[in-house]
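Visitor: quick one, what's the 3D model for this:
(one chain, ligands or ions: 1)
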Amino acid sequence: MSSSDIELIEAQGRIWSYSYSFIINKCLKCAIQLGIPDVIHRHSPGPTSLPALASALHLPPSKHDALRRLMRLLVHAAFFKLQEAEDHYYYSLTPASELLLLPDDRAEAEVLKAPPVHLFLGTDHGSLSAWFRRSDGAAPVEAVLGMSFWDAMAREPSLMQTFYGAMSGDSKLVARVLVSDCCKELFRGVGSLVDVGGGTGTMAAAIARAYPDINCTVFELPQVVPDSQDQEAIIGLPNLQFLGGNMFQENIPHGDALLLKGRRQLREDLEKMQGGGTAVAWQQREIRKGDLDRHGRWE
Ligand SMILES: C[S@@+](CC[C@H](N)C(=O)[O-])C[C@H]1O[C@@H](n2cnc3c(N)ncnc32)[C@H](O)[C@@H]1O
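Guide: Sure, this is the predicted structure:
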């Protein structure tokens, strides 16, 4: 085989691989909808055999082999662990599938929560090629919904509750690391902090609680900001307040530190928009979740 053939085979494989990458998304959604993580969890501490899994899921025998294949793919994607013994398959959870357990089954239900996967898995975001042909400035999701994602969500209270609940769960985990001793240095000299797009205030509340001398502000879309009585009831910290506003239309309040959790692109957009001379000075300290991911510590 010539070297150009090898290149062609590799190129073909790449196309197949990316064309089929939607399968993992579909299989993950399917596993969540069938309740596979919860069934395996209830069988623990031992792993769950394939027949036990199929029977607990009430699947017809004609689908047992398809279940084995579904699990094989999800094992490959590290959502489950596989043990094989005497031609039998046994499955157990991994940290990723533990996060997918229903709240009642989750050991740390209050602390950990999966990202709102069901909102995104299998979602039809419309045709990206059609979006490229549009001359207006709408984001792809706006082109499909006819409004921003946030406005669409504001019309569906249950969706809002799910989304912000999940974001808050995610923040609890990150906040636990952020206020631990290893990150103390980050807060030295900070007298005020603004959590931009800070959701329902979980992260800012954790910081305000750990550092009573830091004055924390959550800057959020007005529809997300709880009313003042609720703020008192939910959080009740003297050094934490909410401010409603749109960061793309209004100045972000001044703070010694700006927190943009895990939002690199947003940070770049804001840098462009704010230019110089506004409330935000970008030499101010930032706390970025991505930095923790890359280096295992905060910069
Ligand atoms: C992905 S969520 C992150 C929430 C929170 N920072 C966290 O990490 O859990 C993005 C947040 O940005 C807020 N947001 C979106 N557009 C905004 C805007 N124009 N001005 C202020 N906040 C905005 C949303 O309401 C949402 O809470």
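
Visitor: return the set of buried residues in the helix or strand in which residue 10 is found.
Guide: Per DSSP states H and E: residue 10 is located in helix 3-19. By neighbour count with 16 or more other Cβ atoms under 10 Å, helix 3-19 contains no buried residues. Every C-beta, even on glycine, is put in place using the N, C-alpha and C of the backbone.

Visitor: skip ahead from that helix and say which helix or strand is next.
Guide: helix 22-34.

Visitor: where's residue 136 relative to residue 142, distance?
Guide: 9 Å (Cβ to Cβ, to the nearest Å).

Visitor: the two: which is more packed in?
Guide: Higher neighbour count among residue 136 and residue 142: residue 142, with 17 against 7, using other Cβ atoms under 10 Å.

Visitor: list the contacts of the nearest residue in space to the more buried one that is not next to it in sequence.
Guide: Using Cβ to Cβ, 6 or more residues apart in numbering and skipping residues adjacent in sequence, the residue nearest residue 142 is residue 148, 5.6 Å away. Residues counted as contacts of residue 148 (Cβ atoms under 8 Å, 6 or more residues apart in numbering) are 139, 141, 142.

Visitor: of those residues, which belong to helices?
Guide: 141, 142 (DSSP state H).

Visitor: let me know the closest of the contacts of residue 148 to residue 33.
Guide: Each of the contacts of residue 148 was scored against residue 33 by Cβ to Cβ, and residue 141 proved nearest at 22.9 Å.

Visitor: got the confidence number for the closest one?
Guide: Looking at residue 141, its pLDDT is 80.

Visitor: tell me how far it lies from the ligand.
Guide: 12 Å (Cβ to the nearest ligand atom, to the nearest Å).

Visitor: and what of residue 42?
Guide: Taken as Cβ to the nearest ligand atom, the span from residue 42 to the ligand is 30 Å.

Visitor: so residue 164 touches residue 226, yeah?
Guide: No: contact criterion Cβ atoms under 8 Å: residue 164 and residue 226 do not qualify, at 10.2 Å.

Visitor: need the three-state assignment for residue 243.
Guide: strand (DSSP: H, G, I helix; E, B strand; the rest coil).

Visitor: pLDDT value on it, please?
Guide: 94.

Visitor: residue contacts, it?
Guide: For residue 243, counting by Cβ under 8 Å, 6+ apart, the contacting residues are 217, 218, 219, 220, 225, 253.

Visitor: now with 6 Å, please.
Guide: 217, 219 (Cβ atoms under 6 Å, 6 or more residues apart in numbering).

Visitor: same question for the one 4 residues further on.
Guide: Each residue near residue 247 by Cβ under 6 Å, 6+ apart is listed here: residue 196.

Visitor: any stretches of the stretch 151-299 of the chain with poor pLDDT?
Guide: Scanning the stretch 151-299 of the chain for pLDDT under 70 picks out 229-232, 262-299.

Visitor: closest residue of it to the ligand?
Guide: residue 197 (2.7 Å; Cβ to the nearest ligand atom).

Visitor: again with the stretch 1-150 of the chain
Guide: For the stretch 1-150 of the chain, Cβ to the nearest ligand atom, closest residue to the ligand: residue 150, 5.0 Å.

Visitor: that residue and residue 170: what is the separation?
Guide: Distance from residue 150 to residue 170, by Cβ to Cβ: 17 Å.

Visitor: likewise residue 36?
Guide: 22 Å.

Visitor: out of these two, which sits in the busier spot?
Guide: Per other Cβ under 10 Å, whichever of residue 36 and residue 170 has more neighbours is residue 36, with 26 against 22.

Visitor: next up, phi/psi of the more buried one, please.
Guide: Main-chain torsions, residue 36, degrees, to the nearest 10: phi -60, psi -50.

Visitor: residue 30 versus that one, what's the distance?
Guide: Residue 36 is 8 Å from residue 30, by Cβ to Cβ.

Visitor: swap in residue 66?
Guide: 10 Å.

Visitor: ok, the two, which is more surrounded?
Guide: Shown here are residue 66 and residue 30; by other Cβ under 10 Å, residue 30 has more neighbours (15 against 11).

Visitor: so for that one, what's the nearest residue that isn't a sequence neighbour?
Guide: Excluding the flanking residues, the one nearest residue 30 by Cβ to Cβ, 6+ apart is residue 70, at 6.6 Å.
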